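Asker: for reference, the sequence and a predicted model appear below.
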Amino acid sequence: MAKSLRGAPIAAAITEELVSRVDVLRAGGVVPTLAIVRVGERPDDLSYERGACKRAEKIGVDVKSFVLAEDCSQQDLLEVIDEVNCDLSIHGCLILRPLPAAFDEAAVCTALDPAKDVDGITVESLYGVFANKPLGYPPCTAEAVVELLARSGIELSGAHVTVVGRSLVIGRPVSMMLQAKNATVTMCHTRTRDLAAECRAADVLVVAAGHARTVGAGSVTAGQTVVDVGFNWDDVAGKLVGDVEFDAVEPVVDAITPVPGGVGSVTTAILVKHVVEAAERAKR
C-alpha cells in the first residue's frame, strides 16, 4: 500500500505559521483581504471557494466575494476587476478559472493589477516564475505541489520528474519551479508519444492534464511518488476525481496524493499565504 501524501497536515502547518503574521498586521491596522471573483456555479469552483474561505477564516484573512451570472458579459467582469483594483482594502484577488468559453481569458488576466495577482495569472507574475526572480506570486497550485513534495520529505535535487500537462496554470510553472529545486524535468502532455513510458521513467510523477483518468496502472511503476493535481467533477460517480486512476495506481507506487485530500488544501493555504504577503508589502 502506498504512502498517502495528504495535504491537511501541511496546510495546517502553513496556517499556523501565518496566524502570528496576520496578528501583527491587524495590530497595525491592516486587515489582509482576499477578493474572490466567480462567474457561474461550477461545482469545482464552488468547492475551491469554500476551501479558500475556510482557510482564510482560520488565519484571520477577510474575504470579499464577487459572484456574476454565467451569462454575464465580459464587460461586466472587467468592471468587477476594476472595482477590485481600485479598492485599497483588498490586497489579493483570485479569479476562478476556467471562465466560460465566451470570455477572452487572456484579456481578463491582463486587466488585474499585478500587485493583487496572488494566483500567478498576470504576465509579471509568470515572468517571475520563469526567470526565477522574486516578482509577483507563482500560481498557487504549482507552488502547492512543490511545497507538498518538500514538506513530505521527497528529495527533488537530482530527481527525474515527469510533469504531465503544459498549461500556464500548472504544467509549465511547476516545471520551472521544480527545475529551480535542481530536479531534471520532462514535460509531457496528452499528445506525447508513448506517454505511459515517459511516466514510468520518472522518480516523481506530477499529473496535471486536466482530464480524469489520464494516468492508469500501466503508466506507473514501483518506487514512484505520484502527485495528482487533477480536480474533475465526475457526473457518473457524483464526486470529484483526479487525473490519476487512484484505485489502480495506489497499489503500485510508493506514495500518492488522494483527490480530494491532497494538493487542494495546500493550494488554499498557499493562496492565503500570498494574500498575507501582499498585505505585508502594501504596509511597507
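Answerer: Thanks, I have it.
Asker: now do the strands in this protein.
Answerer: Under the criterion DSSP state E, strands of the chain are mapped to 3-4, 33-39, 62-68, 92-95, 160-164, 184-188, 204-207, 225-228, 232-234, 239-241, 255-256.
Asker: so what's residue 53 up against?
Answerer: 36, 63, 65 (CB atoms under 8 Å, 6 or more residues apart in numbering). For glycine as for every other residue, the C-beta is placed from the backbone atoms N, C-alpha and C.
Asker: an error on my part: the question was meant for residue 175.
Answerer: Counting by CB under 8 Å, 6+ apart, residue 175 touches 163, 185, 187.
Asker: mind checking pLDDT for it?
Answerer: pLDDT, residue 175: 98.
Asker: same question, residue 236
Answerer: On the pLDDT scale, residue 236 is placed at 73.
Asker: from residue 48, how far off is residue 233?
Answerer: 12 Å (CB to CB, to the nearest Å).
Asker: if we can go back for a sec, lowest average confidence across the strands of the chain, which one?
Answerer: Of all the strands of the chain, mean pLDDT reaches its minimum on strand 232-234 (a mean of 78).
Asker: can you redo the strands of the chain as a markdown table with mean neighbour count and distance to residue 112?
Answerer: Converted to a markdown table, the strands of the chain look like this (neighbours: other CB atoms under 10 Å; distance: least, CB to CB, whole Å):
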| stretch | mean neighbour count | distance to residue 112 |
| --- | --- | --- |
| strand 3-4 | 12 | 36 |
| strand 33-39 | 23 | 9 |
| strand 62-68 | 15 | 12 |
| strand 92-95 | 26 | 6 |
| strand 160-164 | 24 | 26 |
| strand 184-188 | 18 | 26 |
| strand 204-207 | 27 | 26 |
| strand 225-228 | 26 | 28 |
| strand 232-234 | 15 | 26 |
| strand 239-241 | 16 | 27 |
| strand 255-256 | 22 | 34 |
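Asker: circling back to that earlier point, and the contacts of residue 53, which is closest to residue 214?
Answerer: For the contacts of residue 53, the minimum distance to residue 214 (CB to CB) is 28.3 Å, reached by residue 36.
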